[in-house]
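Asks: just to be clear, the model below is a prediction. Sequence and coordinates:
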Amino acid sequence: MHIEKYERWFMYATAVVILGAVVGLVISVVGHHAALPEPAGRVQPADIDTTAPFDQPGYHDTGDGTGELVLVAQAWQWTPQQVTIPAGTEVTIKAVSRDVIHGIRIPETNANVMVIPGQVSEIDVNFDEAGQYTLVCHEYCGIGHQTMFMTIDVE
Ligand code: CUA
């Protein structure tokens with residue numbers, strides 16, 4: 001079969017791009033342990049109020065410079081609305097949703113996770129610097145989405 005010269009070049013170029021993408025994927029997975037996030041557990045929305053730790057939303061000191069921030073998402077607010085955390089704490093955020101898909105994003109940190117009904121979302125965040133952080137919902141969850149945020153005071 002005859003293939004035009006330029007067409008053959010484009011075929012080679014396409015193969016190089018695909019090969020580069022595959023090599024990049026392998027390096028990410030093997031070298032940097034990239035993986036799809038898995039739910040840290042499962043809690044049905046109807047069971048949130050009777051399942052620990054979600055029956056007591058808020059910040060809980062777990063000792064040795066670590067803490068647990070337990071959040072319940074509901075259109076269109078977080079429970080609780082505000083927490084105070086000591087600076088330098090390694091915080092594990094655990095969040096569930098009562099209704100639709102919400103999301104957690106805390107600018108200036110690595111926190112970025114979806115909160116899906118029925119699943120427990122978990123993410124570790126280091127609050128090294130004192131200040132006021134705003135945790136926003138970053139998944140469109142309805143008409144009040146842009147009002148769904150909470151405050152984390154680190155001091
Ligand atoms: Cu909750 Cu957007």
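Replies: Looks like it came in fine. Numbering: from 1, shown residues only.
Asks: quick one: contacts for the residue minimising distance to the centre of the chain?
Replies: Closest to where the C-alpha atoms of the chain average out (CA atoms, centre = their mean) is residue 113, at 1.4 Å. Neighbour list for residue 113: 37, 93, 95, 103-104, 121-123 [criterion: CB atoms under 8 Å, 6 or more residues apart in numbering]. Using the backbone N, CA and C atoms, a C-beta is placed for each residue, glycine as well.
Asks: helix or strand for it, which one?
Replies: Assigned by DSSP states H and E, residue 113 belongs to strand 112-115.
Asks: alpha carbons of that strand, as PDB, please.
Replies: The C-alpha coordinates for strand 112-115 follow below in PDB (Å, rounded to 0.1, in the frame of the first residue of the first chain):
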ATOM      1  CA  ASN A 112      -9.000  18.900  46.600                       C
ATOM      2  CA  VAL A 113     -11.400  16.000  46.800                       C
ATOM      3  CA  MET A 114     -15.000  15.200  45.900                       C
ATOM      4  CA  VAL A 115     -17.600  14.300  48.500                       C
END
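Asks: neighbours around residue 138, how many?
Replies: When counting by other CB atoms under 10 Å, one arrives at 20 neighbours for residue 138.
Asks: which residues does it contact?
Replies: Taking CB under 8 Å, 6+ apart, we find residue 138 in contact with 103-105, 112.
Asks: same question for stretch 11-25, mean pLDDT?
Replies: Within the predicted structure, the mean pLDDT of stretch 11-25 is 97.
Asks: now do the strands in the protein.
Replies: According to DSSP state E, the chain carries its strands in the segments 42-43, 58-63, 66-74, 77-79, 82-85, 89-97, 102-105, 112-115, 118-119, 121-127, 131-136, 149-154.
Asks: roughly how far does the residue nearest to the centre of the chain sit from the ligand?
Replies: Taking CB to the nearest ligand atom, to the nearest Å as the criterion, residue 113 is separated from the ligand by 13 Å.
Asks: okay, that residue: pLDDT?
Replies: In the predicted model, residue 113 carries a pLDDT score of 93.
Asks: who does it bridge with?
Replies: According to DSSP bridges, the residues that bridge with residue 113 are residue 104.
Asks: any idea how far it lies from residue 6?
Replies: In this structure, residue 113 and residue 6 are separated by 46 Å, where distance is defined by CB to CB, to the nearest Å.
Asks: cool, thanks, signing off.
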